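**Student:** when you get a sec, could you give me coordinates for this:
(chains A and B)
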Amino acid sequence: NAGVTQTPKFQVLKTGQSMTLQCAQDMNHEYMSWYRQDPGMGLRLIHYSVGAGITDQGEVPNGYNVSRSTTEDFPLRLLSAAPSQTSVYFCASSSRAQYNSPLHFGNGTRLTVT
Amino acid sequence: GDSVTQMEGPVTLSEEAFLTINCTYTATGYPSLFWYVQYPGEGLQLLLKATKADDKGSNKGFEATYRKETTSFHLEKGSVQVSDSAVYFCALINYGGSQGNLIFGKGTKLSVKP
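**Tutor:** Numbering: from 1, shown residues only, chains lettered A, B, ... in the order given. Model prediction:
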């Protein structure tokens, strides 16, 4: 059982470049989310989705776009990368059918923007 | 809005020492509380949870009790091991206040020396 899979594991971008961070889960979870982790800041929610076709903004959405065309996939797009987006990004999913079900995390993507 | 505050790290202990990591929260209503652990190079994993006041969550020798009167959920372990070295995150979910999104504290890094 793969769980939550994130690709790539590492990425270096130049300022202004665009890229997509991929996230896929095989647990048929309705809820998916993206967090960024920065030193001393903990995890901050970027965007989330409660089901296919539904997305919403979290705490720090600026500079990021998401879409949810299928239950399994929830890609995060950086349209014009900035050094402030250097961070570790985590995708997570959970089942909303079970109240208080835990979040399942991927292993993260470490992004450096120069 | 809802928030979680946990003690600053890093915390360094000798093997077999007693561990306490303090966590307090601010939330309306009746949130559920969680402790997640992040081992080096990995995503976060659920360690334990409590869904109502006076509940005690426990796992792998770790315990935390949901104290509504003090809005706290402190993590404890009687005898830590080197393998417990990790970053620990306190978190809450509040379907009324935070739309069902998990809100994290900033994390506490624990290092256990042999």
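**Student:** make it CA atoms for all contacts and neighbour counts henceforth
**Tutor:** Fine.
**Student:** could you check the pLDDT of the spatially most central residue of chain A?
**Tutor:** Central residue of chain A (CA atoms, centre = their mean): A:Trp34, 2.8 Å from the mean position. Model confidence at A:Trp34, expressed as pLDDT, equals 97.
**Student:** list phi and psi for it.
**Tutor:** Backbone torsions of A:Trp34, given as degrees, to the nearest 10, read phi -120, psi 130.
**Student:** you'd agree it is up against A:His47?
**Tutor:** Yes: the pair A:Trp34 and A:His47 qualifies as a contact (CA atoms under 8 Å) at a distance of 5.6 Å.
**Student:** what's the closest non-adjacent residue to the closest residue to chain A within chain B?
**Tutor:** Residue nearest to chain A within chain B (CA to the nearest CA): B:Lys106, separated by 3.6 Å. Leaving aside its chain neighbours, B:Lys106 sits nearest to A:Gly42 (3.6 Å; criterion: CA to CA, 6 or more residues apart in numbering or on different chains).
**Student:** ok, now which ones touch the one you found?
**Tutor:** A:Gly42 makes contact with B:89, B:104-107, according to CA atoms under 8 Å, 6 or more residues apart in numbering or on different chains.
**Student:** dump those residues into TSV; add pLDDT, neighbour count and secondary structure as well.
**Tutor:** Shown next, in TSV, are these (pLDDT from 0 to 100; neighbours: other CA atoms under 10 Å in any protein chain shown; DSSP: H, G, I helix; E, B strand; the rest coil):
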residue	pLDDT	neighbour count	secondary structure
B:Phe89	96	29	strand
B:Phe104	92	25	strand
B:Gly105	94	24	coil
B:Lys106	93	25	coil
B:Gly107	94	29	coil
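**Student:** between which two of these is the distance greatest?
**Tutor:** B:Phe104 and B:Gly107 (7.8 Å; CA to CA).
**Student:** contact residues of chain B facing chain A?
**Tutor:** Listed as neighbours of chain A in chain B under the rule CA under 8 Å from any CA of the partner chain: B:32, B:41-46, B:51, B:89, B:93, B:103-107.
**Student:** nearest to A:Cys23 among these?
**Tutor:** Out of the residues of chain B next to chain A, the member with the shortest distance to A:Cys23 (by CA to CA) is B:Gly43, at 13.1 Å.
**Student:** does B:Ala27 touch B:Lys68 like I think?
**Tutor:** No: between B:Ala27 and B:Lys68 there is no contact under CA under 8 Å: 10.5 Å.
**Student:** okay, and the common contacts of these two?
**Tutor:** Common neighbours of B:Ala27 and B:Lys68 (CA under 8 Å, 6+ apart) do not exist.
**Student:** where in chain A is pLDDT low?
**Tutor:** A:1, A:97-100 (pLDDT under 70).
**Student:** closest residue of it to chain B?
**Tutor:** For chain A, CA to the nearest CA, closest residue to chain B: A:Gly42, 3.6 Å.
**Student:** gap between that residue and B:Ala64?
**Tutor:** Distance of A:Gly42 to B:Ala64, computed by CA to CA, to the nearest Å: 20 Å.
**Student:** before we move on, what about B:Gly57?
**Tutor:** For B:Gly57, the distance to B:Ala64 (CA to CA) stands at 5 Å.
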